[in-house]
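Undergrad: Sharing a model that was predicted from the sequence below.
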Amino acid sequence: MFEVRNITFGGGNPAVAVPITGRTEAEICSEAACARGEADLIELRADAFEGIHDTMRLLALLLDVRGAFEG
């Protein structure tokens, strides 16, 4: 059993995960914002992101997604 932020994995209570599959930063952040309040966590399918091979762009996206999901 382990905990990440406020979610305990392996503790017996299921968590709701929503996949994020947008291709652009705007699509991805919009999907993350829509999942806020509906899901416990999100799965960023980075393989769909058009900038997957640009490390700096990907890192910036991760910060933006966290902000969009956490509000």
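TA: On my side now, so go ahead.
Undergrad: Helices along the chain, start to end?
TA: Assigned by DSSP state H, the helices in the chain fall at 25-35, 55-70.
Undergrad: most neighbours per residue, which of these?
TA: Burial among those, expressed as mean neighbours by mean count of other C-beta atoms under 10 Å, is greatest for helix 25-35, which shows a mean of 18. Any C-beta I mention is one placed from the backbone N, CA and C, and that applies to glycine too.
Undergrad: For the residue most central in space within the chain, give the beta-bridge partners.
TA: In the chain, the centroid-proximal residue (C-alpha atoms, centre = their mean) is Ile42; its distance is 4.0 Å. Ile42 has these beta-bridge partners by DSSP bridges: Val18.
Undergrad: pLDDT value on the residue sitting furthest away from the middle of the chain, please?
TA: Distance from the centre of the chain peaks at Gly12, with 22.4 Å (C-alpha atoms, centre = their mean). Looking at Gly12, its pLDDT is 82.
Undergrad: Tell me the spacing between it and Arg23.
TA: Distance, Gly12 to Arg23, by C-beta to C-beta, to the nearest Å: 36 Å.
Undergrad: next one: Ala60
TA: Where Arg23 is concerned, Ala60 sits at a distance of 16 Å (C-beta to C-beta).
Undergrad: Same question for Pro14.
TA: From Pro14 to Arg23 the distance is 29 Å (C-beta to C-beta).
Undergrad: Perfect, that will be all.
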